[in-house]
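> please find the sequence and the predicted model below.
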Amino acid sequence: MAYRRVGSGPTLVFVHGWPLSSATWVKLVPILSEHFTCVVIDQAGAGQTRTNPDTDYNFRGQARRLNTFLEALDDPKVHVLAQNTGATVAREAALQKGSRIASLVLTNTEIPGHRPPYIEMFQTVTKLPGAARLFQQMLRSRTFIRSAMGFGGCFSDKSLLDGDFRARIIEPLVRSRERVEGINRYLWGIDWGIVDGFATGHARLNVPVLFVWGEDDPTFPIEQARPMATQLPDCRGFKAVPGASLLVHEERPDVVAEHALAFYRELGAI
């Protein structure tokens, strides 16, 4: 598992979602590394993490891998900040064997009973012959990138899809067939039964949890997400972020950091 470490203090592990990599945290880590040792990982199927034919990409397999990684860290208790499918992996990891996880900050992630647009279709069509090559061609199109089927729902401000975000997140996929095939395998591991199981499983998450949500998210609508806060035994809040969408940590890293730091101060972590 590829990872990077920066900063000092208590350990804070960042878990990205699909189809991103650890590169998505470049705006948030510089703020939080003033208070934490920030550890950013690439999940299996993403970034520079290496896999083999036996790699388990199911949410349960990704969660087991995350727990193994956490156990290898020096700190016996770590905080986890996760987004999108990474936040589902983090929840599953805490339910499997959460003794290392001291708290969870979760942003725009899967909701029990909800199916985000296009994802189930993508799970099917990406298994067709030539799908990886076709996806790479589509990623070269600015029109596709800005569409609802592309990355259009990721930002309220569509101008953020150009420049730095494109260089960090999209261009590596355009250049590397291996990376596209990796994110496809990650996509196939999305298990809706596990997501729906959180409707009751959340009650077993015995760690403090904070939700931070981009208000404009069409993928995981905020009004459908809010009930999750009532399912948790120790939810410390559901913070809505105006003017932000699915990638709230990219669009408003200052606000995400503000809410996270207030949460960590309340816990006595910093």
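Great, that's in hand. Residues are numbered from 1 along each chain as shown.
> any low-confidence regions in the stretch 1-150 of the chain?
Along the stretch 1-150 of the chain, the parts satisfying pLDDT under 70 run over 98.
> tell me how far Ala262 lies from Ser99.
Distance, Ala262 to Ser99, by Cβ to Cβ, to the nearest Å: 26 Å. Any C-beta I mention is one placed from the backbone N, CA and C, and that applies to glycine too.
> go on, Pro129?
Using Cβ to Cβ, Pro129 is found at 44 Å from Ser99.
> next one: Val105
Counting by Cβ to Cβ, the gap from Val105 to Ser99 is 19 Å.
> of those two, which one has the most company?
Val105 (27 against 11; other Cβ atoms under 10 Å).
> extract the C-alpha set from stretch 243-261 and format it as PDB.
Coordinates of each C-alpha in stretch 243-261 appear next as PDB, following Å, rounded to 0.1, in the frame of the first residue of the first chain:
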ATOM      1  CA  GLY A 243     -21.300  26.300  -2.200                       C
ATOM      2  CA  ALA A 244     -19.700  22.800  -2.300                       C
ATOM      3  CA  SER A 245     -20.600  19.500  -3.800                       C
ATOM      4  CA  LEU A 246     -19.400  15.900  -3.700                       C
ATOM      5  CA  LEU A 247     -15.700  16.900  -3.300                       C
ATOM      6  CA  VAL A 248     -16.200  19.300  -0.500                       C
ATOM      7  CA  HIS A 249     -12.700  18.800   0.700                       C
ATOM      8  CA  GLU A 250     -11.400  20.000  -2.700                       C
ATOM      9  CA  GLU A 251     -13.800  22.800  -3.000                       C
ATOM     10  CA  ARG A 252     -13.900  24.200   0.500                       C
ATOM     11  CA  PRO A 253     -10.900  22.700   2.400                       C
ATOM     12  CA  ASP A 254     -10.800  25.700   4.800                       C
ATOM     13  CA  VAL A 255     -14.400  24.900   6.000                       C
ATOM     14  CA  VAL A 256     -13.800  21.200   6.200                       C
ATOM     15  CA  ALA A 257     -10.700  21.800   8.200                       C
ATOM     16  CA  GLU A 258     -12.500  24.200  10.500                       C
ATOM     17  CA  HIS A 259     -15.300  21.700  11.300                       C
ATOM     18  CA  ALA A 260     -12.800  18.900  11.700                       C
ATOM     19  CA  LEU A 261     -10.500  20.800  14.000                       C
END
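> element containing the residue of the chain most remote from its centre?
Relative to the C-alpha centroid of the chain, counting by Cα atoms, centre = their mean, Pro129 is the outermost residue, at 27.9 Å. Using DSSP states H and E, no element contains Pro129; it sits outside every helix and strand.
> list the contacts for it?
Pro129 is in contact with no residue at all, counting by Cβ atoms under 8 Å, 6 or more residues apart in numbering.
> my read is that Val212 contacts Val256, right?
Yes: the pair Val212 / Val256 is scored as a contact, 5.4 Å apart, by Cβ atoms under 8 Å.
> what is in contact with those two at once?
Both Val212 and Val256 are contacted by 107, 241, 248, under the criterion Cβ under 8 Å, 6+ apart.
> ok, now how distant is the second one from His16?
Here the distance between Val241 and His16 works out to 18 Å (Cβ to Cβ).
> same question, His259
Look at His259 and His16: by Cβ to Cβ, they are 19 Å apart.
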